[in-house]
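Q: structure here, sequence nowhere to be found:
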């Protein structure tokens, strides 16, 4: 069992607070500061950022795309952008909880996506030019550090400071860097305070890659765990899957800037060959076109359901007409003969429709032969028996 974390209201922390008196400033002493950006209007400098979404939607690939774009702008010495947004060059530290061996393969995918390389050797050469050979602008490590534990956090800070000036630290995924429960408000508040301390001491932004709340519908539940996470962040970005190839980024919180329009991303698979996949990487696309396609598909599905319902109604009406002719029950042949020309299809199609009518309790089976239903009557006349019909 983990030890109970220290709380703000315990005597030790109150004593620490007493040693740090609040400093007041008058209006004339206040600094006028404008937001500064790692990626214009997306990722602010020296801020706490959370990117969240459902699994397998490409969150890590978006985070890696951001990280490599920032680091490559510094290493390559050339202006870069991300999704048509200006990128400020800087050094990036990417901390993974899992084995980082696959990260180079993914970086190779990122290089291929942006530079259209075809061989590992060519990709590796460009990677060294962009991300650094000896003095790397993009560094990776594996580890699980409890950011809400001061001892572990301070050790991480010392390690990060040894890398030189950083612009961005990526922690992927959030849950692996938290000692407390992500569902507990006080535990999450301590974690957020730990991230704030990390930002202050390292002088850079921290990006958290996190999961969406279970059962999330239209972002109603937000990021998984306590709402104290989103409340404490400077920037919150929700990644919503649209279809197999597209996801939408929605900036649900941007503390220091106006609301930003959503970004639609298409994910392209990168590979050297079918046996050597490199991952999938995003490209900004026209959101209206994708949404129009999605709407069209939904409309088509809805129209198809309406057509099925209309067809079932036509069959039921045919059964009712036959019953009114004192036939009592109807065979498939009887029903097909009674249908209008446009509704006459194969017996198997008619049989499936009749099975659905039976499941909907709109008709009653009079006779069954194996799995094939032979005779029917409308449910409104179900008081009649098979003997009566005979």
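A: Happy to help now that I have it. Because the structure is predicted, anything quoted here is derived from the model rather than measured.

Q: what about residue 152, distance to residue 50?
A: 20 Å (CB to CB, to the nearest Å). From N, CA and C alone the C-beta is placed, and that goes for glycine too.

Q: neighbour count for these two, which is higher?
A: More neighbours surround residue 50 than the other of residue 152 and residue 50, with 25 against 17 (other CB atoms under 10 Å).

Q: need the pLDDT of the more buried one.
A: On the pLDDT scale, residue 50 is placed at 98.

Q: from residue 40, how far off is it?
A: For residue 50 relative to residue 40 (CB to CB), the value is 19 Å.

Q: and what of residue 148?
A: Going from residue 148 to residue 40 by CB to CB gives 32 Å.

Q: which of those two has more residues huddled nearby?
A: residue 148 (22 against 19).

Q: list the contacts for the more buried one?
A: Taking CB atoms under 8 Å, 6 or more residues apart in numbering, we find residue 148 in contact with 5, 178-180, 187, 190-191, 193-194.

Q: give me the subset of the residues you listed lying in helices.
A: Of the positions in the contacts of residue 148, 187, 190-191, 193-194 sit in helices, assigned by DSSP state H.

Q: how many neighbours does residue 203 have?
A: Using other CB under 10 Å, residue 203 has 12 neighbouring residues.

Q: ugh, typo on my part, it should be residue 102
A: 12.

Q: tell me the confidence at the residue nearest the centre of the chain?
A: Geometric centre of the chain, nearest residue: residue 53, 2.9 Å, by CA atoms, centre = their mean. Per-residue confidence (pLDDT) for residue 53: 94.

Q: now do residue 141
A: Looking at residue 141, its pLDDT reads 93.

Q: for it, what are its contacts?
A: The contact partners of residue 141, taken as CB under 8 Å, 6+ apart, are 93-96, 100.

Q: from residue 335, how far out is residue 36?
A: Computed as CB to CB, the residue 36 to residue 335 distance reads 73 Å.

Q: I meant to write residue 104 there.
A: Applying CB to CB to residue 104 and residue 335 gives a distance of 66 Å.

Q: so which of these two has more stuff around it?
A: Legend: neighbour count by other CB under 10 Å for residue 104 and residue 335, higher for residue 335 (24 against 14).

Q: and that one, its phi and psi?
A: phi -70, psi -50 (degrees, to the nearest 10).

Q: of the contacts of residue 148, which is the most crowded?
A: Within the contacts of residue 148, residue 191 tops the neighbour count with 29 neighbours, counted by other CB under 10 Å.

Q: wait, isn't residue 187 in contact with residue 181?
A: Yes. With contact defined as CB atoms under 8 Å, residue 187 counts as touching residue 181 (5.0 Å).

Q: can you give me the end-to-end span of stretch 334-354?
A: The first and last residues of stretch 334-354 sit 13 Å apart, counting by CA to CA, to the nearest Å.

Q: flag every buried residue along stretch 30-40.
A: For stretch 30-40, a neighbour-count test (16 or more other CB atoms under 10 Å) marks 37-40 as buried.

Q: how about those residues in TSV, adding pLDDT?
A: As requested, these are exported to TSV (pLDDT from 0 to 100):
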residue	pLDDT
37	96
38	96
39	96
40	94
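
Q: now for those residues: which two are most distant?
A: Farthest pair in the buried residues of stretch 30-40 (CB to CB) is 38 and 40. Separation: 8.6 Å.

Q: overlap of the contact sets of those two?
A: Residues touching both residue 38 and residue 40 (CB under 8 Å, 6+ apart) are residue 87.

Q: point out where the stretch 201-350 of the chain drops to low pLDDT.
A: Scanning the stretch 201-350 of the chain for pLDDT under 70 picks out the ranges 215-221, 289, 291-306, 312, 316, 319-332, 341-350.
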